[in-house]
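A.B. asks: Using only what follows, build the 3D model:
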Amino acid sequence: MTKNLEKAWSRVEKKRSHKLRNSLLVVAGAGGVAAVAVPLRRRFARAGLPKVGLGGTSPRTIEESIEVGVPVSTAYNQWTQFEDFPLFMEGVDHVQQLDDTRLHWVATIAGKTAEWDAKILEQHPDRQISWISEDGKKTRGTVTFEPRSDSRTLVRLTMSYQAEGPAEALGSAAGLDARRIRGDLERFKELVESRGSETDGWRGEVSAGKKTS
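C.D. replies: Modelled structure (predicted):
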């Protein structure tokens, strides 16, 4: 079924070019990652792609990981440099830190500007950052940092969001969302390894959405 869905998506892209590409934008939210899932069902309708019986309101979960060639503290500290996210997060134009637990995001999605806030729920240096977007979708996610050696770290990203209707479900089933996330992680790997060291990483603690240290 997944292969058939990918073929269907390919036919749509040939007709509509970049306007019909998956618009799941994965961005780091408040020290972690937040996602804005732009509804795809309108685009599929314009292209004449039939509904395939997928969808509903069931949560969709995506998990991707990548091993980076830097110590865990370097990987973690680089991730907390929020203003650098446009360097590796596709579509992100600007990130502004509002306070210790909230960030404001500006991104270009399908040729249009979108803005939203995200809030850190948990942040523990060299271990974990969890967040929730403050838009209506309430996208949740967690990024963890696991040392593999003194000079290597496994970065694992887990996202959970609601697929709104058949089109978003189709994108998820065809693996398009996961590929978008994977691309951002690969660019993060290139960035952190090319720098070799981080600067000004924030190492405060956040629990239950509140700064504790």
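A.B. asks: Just the CA trace of stretch 85-97, in PDB.
C.D. replies: What follows is stretch 85-97, C-alpha atoms only, in PDB (Å, rounded to 0.1, in the frame of the first residue of the first chain):
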ATOM      1  CA  PHE A  85      18.000  26.800  13.500                       C
ATOM      2  CA  PRO A  86      17.500  28.400  10.200                       C
ATOM      3  CA  LEU A  87      20.900  27.000   9.200                       C
ATOM      4  CA  PHE A  88      19.600  23.500   9.200                       C
ATOM      5  CA  MET A  89      15.800  23.600   9.600                       C
ATOM      6  CA  GLU A  90      14.200  23.700   6.100                       C
ATOM      7  CA  GLY A  91      11.800  26.700   5.700                       C
ATOM      8  CA  VAL A  92      12.700  28.500   8.900                       C
ATOM      9  CA  ASP A  93      13.400  32.200   8.500                       C
ATOM     10  CA  HIS A  94      13.800  33.500  12.000                       C
ATOM     11  CA  VAL A  95      13.700  32.400  15.600                       C
ATOM     12  CA  GLN A  96      13.200  34.800  18.500                       C
ATOM     13  CA  GLN A  97      13.600  33.700  22.200                       C
END
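A.B. asks: So which bits of that stretch are buried?
C.D. replies: 85, 86, 88, 89, 91, 92, 95 (16 or more other CB atoms under 10 Å). The C-beta positions use only the backbone N, C-alpha and C, and glycine is treated the same way.
A.B. asks: Pull the residues that contact it.
C.D. replies: Residues from elsewhere that reach stretch 85-97 (CB atoms under 8 Å, 6 or more residues apart in numbering): 25-28, 82-83, 103-109, 113, 180, 183-184, 187-188, 190-191.
A.B. asks: Let me see the mean pLDDT of that stretch.
C.D. replies: Across stretch 85-97, the average pLDDT comes to 90.
A.B. asks: One more: stretch 72-82?
C.D. replies: 92.
A.B. asks: which outside residues touch that stretch?
C.D. replies: Stretch 72-82 has contacts (CB under 8 Å, 6+ apart) with 28, 31-32, 68, 70, 84, 95, 97, 103, 125-127, 129, 143, 145-147, 153, 155, 188, 191-192, 195-203.
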